[in-house]
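> fold the following for me, if possible:
(chains A, B, C and D)
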There are 2 protein chains.
Amino acid sequence: MDGAELGRELSTAVVLFHEAVARRLGLNAADHKALSIITRNGPLPAGALAAELRLGASAITALVDRLERAGYVRRVPDPGDRRRVLICAETSGTPDLGAIFADLGREMSALMTKYDERELTAIADYVVNTIAVLKAQTARLSETE
Amino acid sequence: MDGAELGRELSTAVVLFHEAVARRLGLNAADHKALSIITRNGPLPAGALAAELRLGASAITALVDRLERAGYVRRVPDPGDRRRVLICAETSGTPDLGAIFADLGREMSALMTKYDERELTAIADYVVNTIAVLKAQTARLSETE
DNA sequence: GAGACTACTTCAATACAGTGAAATATTCAC
DNA sequence: GTGAATATTTCACTGTATTGAAGTAGTCTC
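Numbers count the residues shown, from 1 in each chain, chains lettered A, B, ... in the order given. Sure, this is the predicted structure:
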């Protein structure tokens, strides 16, 4: 199997894994993406989420309604600016999410014990550079739209 | 940056790249997924696509209509069974797609020249095993639904 | 070759996410 | 304080994808 083929396989596997996670959480792809932004970027105001997702303000209200109803996030009034609402990931309410990624993490850790120092360095370098290439390509594809 | 963080980053980069490709092709995520199945699995009957995507037959008709109208696929009557319609990827009609992946391939090839034989072996092994882990986790997530 | 079955399409109905305008509440500038 | 600006919500509407039932065409069994 050559490099390109391998890359496509990896890419497909990643995308399908994401879909499976979303299905498991009972979310569509867009809501899952929103949830991971919220989880990663900590509590953030609805407006910031709108900018990130390139959606209108009213779409965010509906989206957060769905996530809140499902128990994945919580609305908290911003103490600094009471017009704002901060969207917080509901960590206690999502045991699924933790378990899912813990399992994956465990398997990946086990995999990494196979390699020696030099191999690990090469792999990490490869991953870092692959991320950079993908980001650059994504930017290139997005710029002309 | 630790391994888990790196993995998440890679995963995000892959997903965002896919989204960018889809946007560039003027397709939504679902149609893009269908197109890549068609491209990869060669000409396949509508029913097979329905099974793959877990969609009803009529949804496939609409989906193929959209892809055909956009010039990405073609309906060809199956010579073996004339009830069937084979969905073929329209290679000539999609210069975009080729160009997009050629560019990515070129950058990835350039990256790979950095590594020596042993490092390349480790990287390939890592990718193969990561794919296996992701597939296993995807299956695990899907089985109980 | 008649009847049951299969593959796809058509059509009406439904579900859902997104938009844009108006409403509400709060902050900022003066 | 008053008026302009900002952040979110509500609401009516639009666009689009999916479903399920009915229809059409072809294949298989006997």
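
> which residues of chain A score low on pLDDT?
A:1, A:92-96, A:144-145 (pLDDT under 70).

> ok, longest helix in it?
Across chain A, the longest stretch assigned as helix under DSSP state H is helix A:117-143.

> just give me the residue closest to the centre of chain A.
In chain A, the C-alpha nearest the mean C-alpha coordinate belongs to A:S36, at 3.8 Å (CA atoms, centre = their mean).

> then the one helix or strand that residue maps to to CSV, C-alphas only?
Applying DSSP states H and E as the criterion places A:S36 in helix A:29-40. Output in CSV follows, covering the C-alpha atoms of helix A:29-40 (Å, rounded to 0.1, in the frame of the first residue of the first chain):
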residue,chain,number,x,y,z
ALA,A,29,-22.1,16.4,12.5
ALA,A,30,-22.6,20.1,12.9
ASP,A,31,-23.7,19.9,16.6
HIS,A,32,-20.8,17.6,17.3
LYS,A,33,-18.4,20.0,15.8
ALA,A,34,-19.9,22.8,17.9
LEU,A,35,-19.6,20.7,21.0
SER,A,36,-16.0,19.9,20.5
ILE,A,37,-15.3,23.6,20.0
ILE,A,38,-17.0,24.3,23.3
THR,A,39,-15.2,21.5,25.0
ARG,A,40,-11.9,22.6,23.7
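
> is DNA strand D within reach of that helix?
No: applying CB under 7 Å from any atom of the strand, one finds helix A:29-40 separated from DNA strand D by no less than 10.8 Å. The way it works is simple: take the backbone N, C-alpha and C, and place the C-beta from them, glycine included.

> picking that back up, ok, the residue nearest to the centre of chain A to chain B distance?
8 Å (CB to the nearest CB, to the nearest Å).

> and the closest residue in space to that residue that isn't next to it in sequence, backbone torsions?
In this structure, A:S36 finds its nearest non-sequential neighbour in B:T12, 7.6 Å apart by CB to CB, 6 or more residues apart in numbering or on different chains. As for B:T12, its main-chain torsions (degrees, to the nearest 10) stand at phi -60, psi -40.

> measure the residue nearest to the centre of chain A to A:R74 for me?
Counting by CB to CB, to the nearest Å, the gap from A:S36 to A:R74 is 16 Å.

> try A:A29
A:A29 sits 22 Å away from A:R74 when distances are taken as CB to CB.

> for chain A, what lies in contact range of DNA strand D?
A:45-47, A:50, A:57-58, A:60-62, A:64-65, A:75, A:78, A:81, A:83-85.

> how about a cut-off of 10 Å?
By the rule CB under 10 Å from any atom of the strand, the part of chain A lying against DNA strand D is A:44-51, A:56-65, A:68, A:75, A:77-78, A:81-87.

> which of those fall in strands?
Per DSSP state E, strands hold the following members of those: A:44-45, A:75, A:77, A:85-87.

> of those residues, closest to chain B?
A:L44 (16.4 Å; CB to the nearest CB).

> what sits against A:V15?
B:14-15, B:18, B:33 (CB atoms under 8 Å, 6 or more residues apart in numbering or on different chains).

> distance of A:R69 from chain B?
A:R69 sits 20 Å away from chain B, going by CB to the nearest CB.

> counting neighbours, what do you get for that residue?
Neighbour count of A:R69, defined by other CB atoms under 10 Å in any protein chain shown: 9.

> A:I100 too?
Neighbour count of A:I100, defined by other CB under 10 Å: 19.

> which helix or strand contains it?
helix A:95-112.

> circling back to that earlier point, okay, the angle between the longest helix of chain A and helix B:95-112?
Note on geometry: by axes from the mean of the first three to the mean of the last three CA atoms, to 10 degrees, helix A:117-143 and helix B:95-112 are set 150 degrees apart in direction.

> now helix A:117-143: buried residues?
A:119-120, A:122-124, A:126-127, A:129-131, A:133-134, A:137-138, A:141 (16 or more other CB atoms under 10 Å in any protein chain shown).
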